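>>> Predicted model, plus sequence, below.
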Amino acid sequence: SEPYVLRSAIISSIGHILVREDRTLIENEIGDVASEGDGETKKDDGRQIANMGKTRSALFDILCERTRDITSFTRGASLKVLNDLTEKQSVPLDRIMSVTEIAIDRLNDKTVMVRRYAMQLLSSILENNPFLGILNPDIYREKIAEIESYLRHNVPEEILKAKNAALEEAKGDGSGADKELEEIESAALAAAIDDAEASKDSDDLSDAEREFLAKVKGLKFASSAVSFIEIFEGAESSFQSMLMSSNPSDVTEALRFFVKAKHFGLPCALTGMKQALALMWSNENNIQDEVLRAFMEVFVSVPGTEGKELLSENQIAQNFLDLVGEATVSELASIEEALGRLVKKEVIPPDVFSILWTMASQAEGQLRASAMLVLSMAASADPKIVDSAYRLQNLFDAGLGDYTEEHRDWQTARSASCALQRVARA
């Protein structure tokens, strides 16, 4: 028979070795000893550090390779060890991307247990990501543009002269197409970055050179963050397969992942939650409960409080408006079902609906229509939200009055009409 038990035990042992020999701890301990030794001792310690680095890399290669073992038990054991290393922050920074890709790849594994461990690993990677916690790509792209602008305007004098000469030559012979000029600019920037990194260990850097080097490090950090985020964004089909799985364990793990992803600002989280809300119509009561719990965690409660502490009324209202914006008809039906259940449980603070009424009365365009739509959804569970003389007048003025006719805002008119249907007839 396949000796998968032995392989799994070896994988577990490798995990313990990697945790114990965390590179940062090793370098600190050896650095303290080396600082007190002579030149020969420092050379020996340097070789020891290099050997340990090679050994650590080889062990990681074995661990990653076994995630594709022929036996599901060993694949699962490898993912569990990677999860443990991630939680203890013992995964080297240069391995974060590859470990993330491995976890996403294993979401397509044929075994439920392996898929569950893979999703748990992805959740751990999010919680322990090295990019300051926030994973909104727009923030990092803006930072990249800002840093690149600085670097382009502060390249070293020698590179600047070479760049200007190349630009003049390209323009002079008539071949200076925009693409060629852009390539010259990019080549100059790349050369300046290479020079800065080559001199990073020098003790003779000027203040300007130190500032330039700091910007280069910031550029690499922001670029790595964008690449990290794009790995998750490119895995939409794998996440959707987990959500639509016939196995309740897959669905539960996917929902828990999307809750974490939303808290870290991943763009795929909102799309995933909209898709997940379709599971409100599942025949499995535990799946419905898990979806409602995820809805509460993402849009209503403070992260990590398990629904015991709610967000501010303004934030809850804004979350609902973001949720219904650009949602499909089927997604809107699922959103209404989830929102209705929370309204019946009296979880949503009344002030949230007061804020939405204000937006429906005073805002313009899509925001006005979305606010009216959320109110009509909530009214399906509690008609009192619209069924009063004051609210009905407000509903008529905001949704069916002069503004709607002048701006031909038929989305708001439709939402207002849906809200009127919730009012009991006399």
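Everything's here; your move.

>>> now Cys268: how far from Ile104?
11 Å (C-beta to C-beta, to the nearest Å). C-betas here are computed from N, CA, C, even on glycine.

>>> wait, I meant Ala261
Distance from Ala261 to Ile104, counting by C-beta to C-beta: 13 Å.

>>> who touches both of the two?
Counting by C-beta atoms under 8 Å, 6 or more residues apart in numbering, the common neighbours of Ala261 and Ile104 are Phe232.

>>> More neighbours: which of those two?
Ala261 (23 against 20; other C-beta atoms under 10 Å).

>>> Wait, a helix at that one?
Yes. Under DSSP: H, G, I helix; E, B strand; the rest coil, Ala261 falls within a helix.

>>> pretty sure it contacts Leu126?
Yes. In terms of C-beta atoms under 8 Å, Ala261 counts as a neighbour of Leu126; the distance is 6.4 Å.

>>> Overlap of the contact sets of the two?
Leu135.

>>> mind listing the helices in the stretch 301-426 of the chain by residue range?
Using DSSP state H, counting those that start in this stretch, the helices assigned to the stretch 301-426 of the chain run over residues 313-324, 329-344, 350-362, 365-379, 389-400, 402-407, 410-420.

>>> For stretch 362-375, list the C-alpha coordinates in CSV.
In CSV, the C-alpha atoms belonging to stretch 362-375 read as follows (Å, rounded to 0.1, in the frame of the first residue of the first chain):
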residue,chain,number,x,y,z
GLN,A,362,-32.4,64.7,-1.0
ALA,A,363,-29.9,62.6,-3.0
GLU,A,364,-29.9,62.5,-6.8
GLY,A,365,-29.4,59.8,-9.4
GLN,A,366,-28.4,56.3,-8.6
LEU,A,367,-28.0,57.0,-4.9
ARG,A,368,-31.6,58.2,-4.6
ALA,A,369,-32.9,55.1,-6.5
SER,A,370,-30.8,52.7,-4.4
ALA,A,371,-32.0,54.2,-1.1
MET,A,372,-35.6,53.9,-2.2
LEU,A,373,-35.0,50.3,-3.3
VAL,A,374,-33.5,49.3,0.1
LEU,A,375,-36.5,50.9,1.9
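
>>> Can you tell me what sits against that stretch?
Stretch 362-375 has contacts (C-beta under 8 Å, 6+ apart) with 317, 320-321, 324-325, 332, 339, 353, 356-357, 359-360, 385-386, 398-399, 407, 409, 411-412, 414-416, 418-419.

>>> Of those, keep whichever come out buried.
317, 320-321, 324, 332, 339, 353, 356-357, 359-360, 385-386, 398-399, 409, 411-412, 414-416, 418-419 (16 or more other C-beta atoms under 10 Å).

>>> can you pull out the strands in the chain?
Under the criterion DSSP state E, the chain contains no strands.

>>> quick one: low-confidence parts of it?
Along the chain, segments meeting pLDDT under 70 span 1-2, 22-50, 132, 172-177, 389-390, 407, 424-426.

>>> Go ahead and flag the most central residue of it.
Leu266 (2.6 Å; C-alpha atoms, centre = their mean).

>>> mind listing what that residue touches?
By C-beta under 8 Å, 6+ apart, the neighbours of Leu266 are 126, 135-136, 229, 232-233.

>>> Which one of these is nearest to Tyr150?
Using C-beta to C-beta, Asn136 comes nearest to Tyr150 of those, at 21.5 Å.

>>> Phi, psi for that closest one please.
Per-residue torsions, Asn136: phi -90, psi 110 (degrees, to the nearest 10).

>>> Which of the contacts of Leu266 are buried? Put it as a ChimeraX command.
Selection of buried members from those for ChimeraX, criterion 16+ other C-beta under 10 Å:
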select :126,135,229,232
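
>>> Adding distance to Met113 as columns, could you present the contacts of Leu266 in CSV?
As requested, the contacts of Leu266 are arranged in CSV below (distance: C-beta to C-beta, whole Å):
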residue, distance to Met113
Leu126, 21
Leu135, 28
Asn136, 33
Ile229, 28
Phe232, 22
Glu233, 27
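
>>> ok, of the contacts of Leu266, which one's closest to Glu297?
So of these, ranked by how close each gets to Glu297 (C-beta to C-beta), first place is Leu126, at 14.2 Å.

>>> Relative to Gly218, how far out is the residue nearest to the centre of the chain?
According to C-beta to C-beta, Leu266 and Gly218 sit 22 Å apart.

>>> again with Asp322
From Asp322 to Gly218 the distance is 30 Å (C-beta to C-beta).

>>> same thing with Glu157?
The spacing between Glu157 and Gly218, counted by C-beta to C-beta, is 22 Å.

>>> Comparing the two, which residue is more hemmed in?
Between Glu157 and Gly218, counted using other C-beta under 10 Å, the more crowded position is Gly218 (16 against 7).

>>> which residues does the more buried one contact?
143, 147.

>>> residues near the residue lying closest to Glu197 once chain neighbours are set aside, how many?
Counting by C-beta to C-beta, 6 or more residues apart in numbering, Val216 is the residue found nearest to Glu197 once chain neighbours are left out, at 6.5 Å. By other C-beta under 10 Å, the residues close to Val216 number 19.
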